[in-house]
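Undergrad: I would like to see how this sequence folds:
(one chain, ligands or ions: 1)
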Amino acid sequence: MDQSLMLWTGENNSAATVNESGTVFDAMEGFPHNMTVVDNFVRAWTIINRPYKKVLATISGGSDSDVVLDICSKADKEKKIKYVWINTGLEYQATKDHLAFLEKKYGITITKIRPKMPVPLAVKKFGQPFLNKRASEYIARLQKHGFNWVDGKYEDLIRLYPKCKSAIAWWCNMYDNKRLNIDNNKMLKEFMIENPPAFKISSKCCYHAKKSVIHNIINTNKVDLSVFGVRKAEGGTRSTAYKSCFGSKDAPYGEYDEYRPVWWYLNGDKEEYCKACDVTHSRCYTEYGLARTGCCGCPFGRDFRHELEVAKEFEPKLYSAVTSLFKDSYAYMKAYHEFVKARS
Ligand code: SF4
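TA: Predicted coordinates for the structure are as follows:
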């Protein structure tokens, strides 16, 4: 057990002032006339006020997380929620400033956790993320087995690399679900055959700097309910991991209950909520014009080039760190996109 991750030490977390003894209707004062917002708040109130002893809310400093925090602060009658933020090592100063603002606004403490292996260390040890999570994972496996980036039949390649079945299946487009095959990324295979990667590729920084950290906090503290901000509408790997706003510890693979208060929110619901409840977002949105926060310049981000331009202008030290860390991945991605363009 990692004592540095212990959050429950006896004292209560908060001096917040919202609706400590009120009803759900009091808590919804000023809410927009929006059924998604109202329905989901009633659900939040019901779930959070169940007799859970240890409720953990993970705050990212992003706009969804801002709504989650506002909902939590209004629904948490006993002020029992503990809030944490994981500093991946590539966070904007604007995010850090925003956390200080949130602590003051809501009268809470957001415990900042520095992973044992933040992104820069994980990238140096395992490799750089490239293109997307699935491609990076399979490429990492192929690299681990000394794959020589040739075209070939599955049956032949599997004989040469018998311990690398799933990645060879990806490379040979063997999955029935086409999204799981390399061809899901236009001409990636052709590009890699002509330009084998000369640097290590991996998505493991996400595991070491985020996923395993949250998991360790939950296990160390024996959390019964984990609350976090993910929306069905955001799409992508993160949201496809869930089916609804609530996950029970009694479900297969469940270890604790999970609750996602904004799961059903569309963009419009979020905007209405923020306007009606005076939710302020960080400078990443209001000043830098970013659409997301989190790790600056992550090569998985659709808009990482824009993020880099923004970082260069507003947070030059972060820009230098990120461009040096992901240098090979950015160059490889550029070469890949040029390759596709030239042949399309
Ligand atoms: S978001 Fe990107 S940079 Fe951050 S941990 Fe995940 S893969 Fe690594």
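Undergrad: can we go C-alpha only for contacts and neighbour counts from here?
TA: Noted.
Undergrad: Kindly export stretch 110-130 (C-alpha atoms) in CSV.
TA: Output of stretch 110-130 as CSV, limited to C-alpha atoms (Å, rounded to 0.1, in the frame of the first residue of the first chain):
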residue,chain,number,x,y,z
ILE,A,110,-8.1,19.1,-4.6
THR,A,111,-5.3,16.7,-3.7
LYS,A,112,-2.6,16.9,-6.4
ILE,A,113,-1.0,13.5,-7.1
ARG,A,114,2.3,13.2,-9.0
PRO,A,115,2.6,9.7,-10.5
LYS,A,116,5.7,7.7,-9.7
MET,A,117,6.1,7.6,-13.5
PRO,A,118,4.9,10.8,-15.1
VAL,A,119,4.6,11.0,-18.9
PRO,A,120,8.1,12.1,-19.6
LEU,A,121,9.6,9.2,-17.7
ALA,A,122,7.1,6.7,-19.1
VAL,A,123,7.9,7.9,-22.7
LYS,A,124,11.6,7.6,-22.1
LYS,A,125,11.2,4.1,-20.8
PHE,A,126,8.5,2.6,-23.1
GLY,A,127,8.3,4.8,-26.1
GLN,A,128,6.3,7.6,-27.7
PRO,A,129,2.6,7.5,-28.5
PHE,A,130,1.9,7.6,-32.2
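Undergrad: in that stretch, what's buried?
TA: 110-111, 113-115, 117-123, 127-130 (16 or more other CA atoms under 10 Å).
Undergrad: what sits up against stretch 34-47?
TA: Outside stretch 34-47, the residues within contact range by CA atoms under 8 Å, 6 or more residues apart in numbering are 24, 28, 31, 71-72, 75-76, 261-262, 264-265, 269, 272-273.
Undergrad: Report the buried residues of it.
TA: Quick answer for stretch 34-47 (16+ other CA under 10 Å): Thr36, Val37, Val38, Asn40, Phe41, Arg43, Ala44, Trp45, Ile47.
Undergrad: Where does the fourth one sit, in terms of helix or strand?
TA: Taking DSSP states H and E as the criterion, Asn40 maps to helix 35-48.
Undergrad: Next up, the contacts around Leu325.
TA: So Leu325 contacts Pro120, Val123, Gln128 (CA under 8 Å, 6+ apart).
Undergrad: change it to 7 Å
TA: Leu325 is in contact with Pro120, counting by CA atoms under 7 Å, 6 or more residues apart in numbering.
Undergrad: What's the separation between Lys186 and Phe304?
TA: Going from Lys186 to Phe304 by CA to CA, to the nearest Å gives 19 Å.
Undergrad: what's the next secondary structure element after the helix holding Asn40?
TA: Following helix 35-48 toward the C-terminus (DSSP H and E): strand 55-58.
Undergrad: Identify the residues contacting that following strand?
TA: Contacts for strand 55-58 (CA under 7 Å, 6+ apart): Lys80, Ile81, Lys82, Tyr83, Val84, Trp85, Val223, Asp224, Leu225, Ser226, Val227, Phe228.
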